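Chemist: sharing a model prediction with you, sequence too.
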Amino acid sequence: MLVLMSLTVGGNLSAQELKADAEKTEITWLGKKVTGQHNGTIGLKSGIMVLENNTITSGKFVIDMTSMKDVDLTDAETNGKLIGHLKSDDFFSVEKYPEGTLVITEKAEFKDNLAHVKGNLTVKGITNPVEFDVKKDGNVYTTNITVNRAKYNVRYGSKSFFNDLGDKVIYDNFELGVRLVMQD
């Protein structure tokens, strides 16, 4: 009986619930179009990840869509117009959907500090599965996630929804670069 209790307690002790440090975490975005590209940042509102025996067992991360910024346009007026447009109903409908979420849906074991993660990404109230590789370095987790905006009904300038856009096409896939810092 004592051995069984020890194993049960020992098993529970190996699970760690880690909280994301939203201030230190960095999320970048890159969107491309036929005539160029734009890039910027977006903030993490909160995040929790559970690790057990070097395996991610669950996690939920909330993205603050209201914090979206562009970093490549130096003219304040042009920059403001772009961000206003990205936050509008043409793109991410930020007033109606101020948060996006990523929920880890399957266990992901780290091997040589790399894990293949599967989860559900919710943007504009629409949820789709995503997969990506995560690299672990101490309490820092990095990844690049490719997101197809058409799957989230982000239509503006998309060949998936409109024909004859010519050089006005904005590519459906955009990239998120994540440097997630978990608190000790």
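Modeler: Okay, I see it.
Chemist: looks like Val71 contacts Thr41 (just checking).
Modeler: Yes: counting by C-beta atoms under 8 Å, Val71 does reach Thr41; the two are 6.4 Å apart. All C-beta spots, glycine's among them, are computed from the backbone N, C-alpha and C.
Chemist: joint contacts of the two?
Modeler: Counting by C-beta atoms under 8 Å, 6 or more residues apart in numbering, Val71 and Thr41 have no common neighbour.
Chemist: quick one: least confident helix or strand in the chain?
Modeler: Within the chain, judged by mean pLDDT, DSSP states H and E, the helix or strand with the poorest mean is helix 2-13; its value is a mean of 41.
Chemist: that one: what's the following helix or strand?
Modeler: For helix 2-13, the following helix or strand on the C-terminal side (DSSP states H and E) is strand 15-19.
Chemist: kindly export that next one (C-alpha atoms) in PDB.
Modeler: Listed next in PDB are the C-alpha coordinates belonging to strand 15-19 (Å, rounded to 0.1, in the frame of the first residue of the first chain):
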ATOM      1  CA  ALA A  15       3.800  17.000 -13.800                       C
ATOM      2  CA  GLN A  16       4.600  20.700 -13.900                       C
ATOM      3  CA  GLU A  17       2.100  23.400 -14.800                       C
ATOM      4  CA  LEU A  18       4.100  26.200 -16.300                       C
ATOM      5  CA  LYS A  19       2.800  29.700 -16.700                       C
END
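Chemist: paired strands for it, with orientation please.
Modeler: Paired neighbours of strand 15-19 in the sheet (DSSP bridges): strand 36-52 (antiparallel).
Chemist: for the partner strand, what is the distance to the chain centroid?
Modeler: 5 Å (C-alpha atoms, centre = their mean, to the nearest Å).
Chemist: looking at it, Phe91 is touching Asn153, isn't it?
Modeler: No: in terms of C-beta under 8 Å, Phe91 does not count as a neighbour of Asn153; the distance is 10.1 Å.
Chemist: of these two, who's got more company?
Modeler: Phe91 (20 against 13; other C-beta atoms under 10 Å).
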